[in-house]
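Novice: Sequence first, predicted model second:
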Amino acid sequence: MMRRLHSLRRLSGSALLLALCAGLPAAHAAEPTGRAANNGAKAAPAAQKTAPAPQGEQFVDGIAAVVDKDVITLRELRDASVRISSELKSRGIQVPDDQTLQHQVLQRLIMERVQRHEADRLGIRVDDAQVDQAIQTIASRNKISVAQLRGEIEKSGTNWDAYRKSLRDEIRTDRLRQRAVDSTIVISDTEVDAFLKDQRRNPAFGAAPQAQQQPQPQPQAQPEPAPEQAAAPSGPMLYALAQILVRVPEGSSPEQLAVLRKKAEDILARAKRGDDFASLAAASSDGPEALQGGVMGVRPLDGWPDLFVKAIGNLQKGQVSNLIQSGNGFHIIKVMDRGTAQPAPSRTARAPAPTPAPQPAARPQAPAQQGPTKVMQTRARHILIKTSTVMSDETARQRLEQVRQRLVSGGAKFEDMARQYSQDATAPQGGELGWLNPGETVPPFEAAMNALKPGEISPPIQSPFGWHLIEVEERREHDATDDLARMKARQILFERRAQPAFEDWLEQLRAQAYVDNRLEKQQKIQQNNR
């Protein structure tokens, strides 16, 4: 599914330096990632799962954890703990005790390994050129040179190579999310109709869809906005939220649930009485953003999950919600900021998607358009081949090149080749995508499509979804006023679901991976010997 329905992006831990470059308070910069679910994660062989841990030599080999066939060393854990401790201190967040910090850092490293393994299985790779493009985009959006960006990053104490690695990981995670989760989220016309009806009843939500691409003087490496989106001059009401999550494992007994609820209630009581929320999150949260003080990002109110919307709709800046129970556990939400101006704790800046299209300069705010919105629509077909461990980028490209030669020579019809080769849901329809508005497909796809004349077929082009051939059938000028309103509604509805869905997917992925947490075993042994 190539129509572009993006969720918000957030940068990883070291990318907090982007916020520093933009002059944001360091205490609010930070990252994400999420939890999960499967899709082919390798379960450990039964022999591995049942083999007892060695009883006196867990740490003799210098191993903190084993993830599938990969090793996280004690040195890697120590280095990451030192780096994250420094980051927490620089943002004024109290560093947890050593054991808690190691636990939190190791959980992050384990999840990073799980995601990397799944990305490898799906053939998702990020090369140096894509990282260079991401850095160039971030620098240009901050109106500084790459050299200046590097200077700011190194001045803040982060190694440039480490920063590049962070961006590489974020790009890979973004592509993984797009491949594994985004295409599974379907927003029906009925849902769009209901959303637009609610907007008419509550005009305050009317501008919310634009929040995904609010122009702000920070490194917003987010999806490119649809060109013709009009919004109220004041912009939407944005909410910057942080959370503490007490996770409830699947299959927990009533007794376990009661213990975890009590833990969450105790944390809530401390947050309500004024204890530092970021420090509580760093020490106690099971959420992916724990080591960033729990900060989740900035979105319009109706861009957050429904459970959060109900809990924080009437809260003011600095206030904390009551306990929220979801399928993942117990959430405590704090409103870090709210308003139409740029909220301070913006964490929506993230590494841009691979090969982003050139971003137009931020449009000046203007009165909402009164007349019809005319856009140039494109009717197109495509053939998609996804990469995997057995289908490399080069193999996919060569296969499409062979298909293209047959199409150009007249030896085959595009729709027949799409039915035979395409791995997209449009294959049964001959790859037909219908009429596309500007901004409705991912940037690499749209850039290649826009370069074609009607009747032309593109060379193989790469997007986060795989490799494509594109055929432009025709173009027309169209009054897209209603289309754009519906597209905005779909983006908002998509945003509500995308991040929670990705986190659920990651959680299942984590559960299906083989993880031998030797550090945790060692700590339990030490506790039992006391």
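Specialist: Thanks, I have the structure now.
Novice: what about the residue lying closest to residue 461 once chain neighbours are set aside, is that helix, strand or coil?
Specialist: Computed as Cβ to Cβ, 6 or more residues apart in numbering, the closest residue to residue 461 that is not its neighbour in sequence is residue 448, at 4.3 Å. Placement of C-beta: from N, CA and C, glycine included. When classified by DSSP: H, G, I helix; E, B strand; the rest coil, residue 448 comes out as helix.
Novice: looking at it, residue 448 is touching residue 470, isn't it?
Specialist: Yes - Residue 448 lies in contact with residue 470 (Cβ atoms under 8 Å); the separation is 5.8 Å.
Novice: what residues are shared contacts of the two?
Specialist: Common neighbours of residue 448 and residue 470, using Cβ atoms under 8 Å, 6 or more residues apart in numbering, are 458, 461.
Novice: so what's the residue nearest to residue 461 up against?
Specialist: 458, 461, 468, 470.
Novice: try 6 Å this time
Specialist: 458, 461, 470 (Cβ atoms under 6 Å, 6 or more residues apart in numbering).
Novice: What is the burial count for the last one?
Specialist: In other words, residue 470. By the criterion of other Cβ atoms under 10 Å, residue 470 has 27 neighbours.
Novice: Any idea what residue 435 is bridged to?
Specialist: Counting by DSSP bridges, residue 435 forms beta bridges with residue 379.
Novice: Please determine how far it is located from residue 286.
Specialist: In this view, residue 435 and residue 286 are 45 Å apart by Cβ to Cβ, to the nearest Å.
Novice: Give me the neighbour count for residue 495.
Specialist: The burial count for residue 495: 23, using other Cβ under 10 Å.
Novice: now swap in residue 62 and tell me
Specialist: 12.
Novice: Over to residue 334?
Specialist: So residue 334, with other Cβ under 10 Å, has 25 neighbours.
Novice: I'd say it and residue 277 touch.
Specialist: Yes - counting by Cβ atoms under 6 Å, residue 277 is a contact partner of residue 334 at 4.9 Å.
Novice: Regarding the closest residue to residue 247 other than its chain neighbours, what is its secondary structure?
Specialist: Distances taken as Cβ to Cβ, 6+ apart put residue 286 closest to residue 247, at 3.8 Å, once the chain neighbours are dropped. Using three-state DSSP, the structure places residue 286 in coil.
Novice: tell me the strands in this structure, going along the chain?
Specialist: Secondary structure of the chain (DSSP state E): strands at 63-67, 70-73, 238-247, 295-300, 324-325, 329-339, 374-385, 432-436, 461-463, 466-479, 515-517.
Novice: quick one, which of those strands is packed in tightest?
Specialist: Neighbour counts (mean count of other Cβ atoms under 10 Å) averaged over each of the strands of the chain peak at strand 295-300, with a mean of 27.
Novice: how close does the nearest residue to residue 412 once chain neighbours are set aside sit to residue 416?
Specialist: Leaving aside its chain neighbours, residue 412 sits nearest to residue 406 (4.4 Å; criterion: Cβ to Cβ, 6+ apart). Distance, residue 406 to residue 416, using Cβ to Cβ: 10 Å.
Novice: returning to what we had before: the residue nearest to residue 247 is in contact with residue 243, isn't it?
Specialist: No - with contact defined as Cβ under 6 Å, residue 286 does not reach residue 243; the gap is 10.3 Å.
Novice: do you know how far residue 110 is from residue 287?
Specialist: From residue 110 over to residue 287 (counting by Cβ to Cβ), the distance is 15 Å.
Novice: neighbours around residue 158, how many?
Specialist: Counted with other Cβ under 10 Å, residue 158 comes out at 22.
Novice: for it, phi and psi?
Specialist: phi -100, psi 130 (degrees, to the nearest 10).
Novice: So for it, what's the pLDDT?
Specialist: Predicted confidence (pLDDT) for residue 158: 78.
Novice: cool, residue 493 as well?
Specialist: 85.
Novice: Skipping its backbone neighbours, what lies nearest residue 276 in space?
Specialist: Take residue 276 and drop its neighbours on the chain: the residue closest to it by Cβ to Cβ, 6+ apart is residue 94, 6.4 Å away.
Novice: and the one you found, how many neighbours?
Specialist: Neighbour tally, residue 94, other Cβ under 10 Å: 14.
Novice: And it, its phi and psi?
Specialist: For residue 94, the backbone dihedrals (degrees, to the nearest 10) come out as phi -60, psi 130.
Novice: wait, doesn't it sit right on residue 281?
Specialist: No - judged on Cβ under 6 Å, residue 94 makes no contact with residue 281 at a distance of 10.5 Å.
Novice: Which neighbours do the two have in common?
Specialist: With Cβ under 6 Å, 6+ apart as the test, residue 94 and residue 281 reach no residue in common.
Novice: now do the same end-to-end measure for stretch 323-331.
Specialist: End-to-end distance for stretch 323-331: 6 Å, by Cα to Cα, to the nearest Å.
Novice: For that stretch, what is the distance to the chain centroid?
Specialist: 21 Å (Cα atoms, centre = their mean, to the nearest Å).
Novice: Then stretch 109-124?
Specialist: Distance, centroid of stretch 109-124 to centroid of chain: 14 Å (Cα atoms, centre = their mean).
Novice: got a list of contacts for that stretch?
Specialist: So stretch 109-124 is contacted by 40-41, 65, 67-68, 70, 72, 172-173, 175-176, 179, 387-389, 509-510, 513, 515 (Cβ under 6 Å, 6+ apart).
Novice: Which members of the residues you listed are positioned in helices?
Specialist: Judged by DSSP state H, helices contain the following of the contacts of stretch 109-124: 172, 173, 175, 176, 179, 509, 510.
Novice: if I look at the fourth one, how far off is residue 491?
Specialist: If I follow you right, that is residue 176. In terms of Cβ to Cβ, residue 176 sits 20 Å off from residue 491.
Novice: and these two? which has more neighbours close in?
Specialist: residue 491 (29 against 22).
Novice: Which parts of stretch 397-413 count as buried, going by neighbours?
Specialist: Across stretch 397-413, burial judged by 16 or more other Cβ atoms under 10 Å covers 397, 399, 400, 403, 404, 407.
Novice: For the closest residue to the first one other than its chain neighbours, give me its contacts.
Specialist: If the residues on either side of it in the chain are set aside, residue 397 comes closest to residue 460, at 4.6 Å by Cβ to Cβ, 6+ apart. Applying Cβ under 6 Å, 6+ apart, one finds that residue 460 lies in contact with 397, 400, 401, 467.
Novice: got it, and residue 496?
Specialist: Contacts for residue 496 (Cβ under 6 Å, 6+ apart) come out as residue 305.
Novice: try it again with 8 Å
Specialist: By Cβ under 8 Å, 6+ apart, the contact list for residue 496 reads 302, 303, 304, 305, 306.
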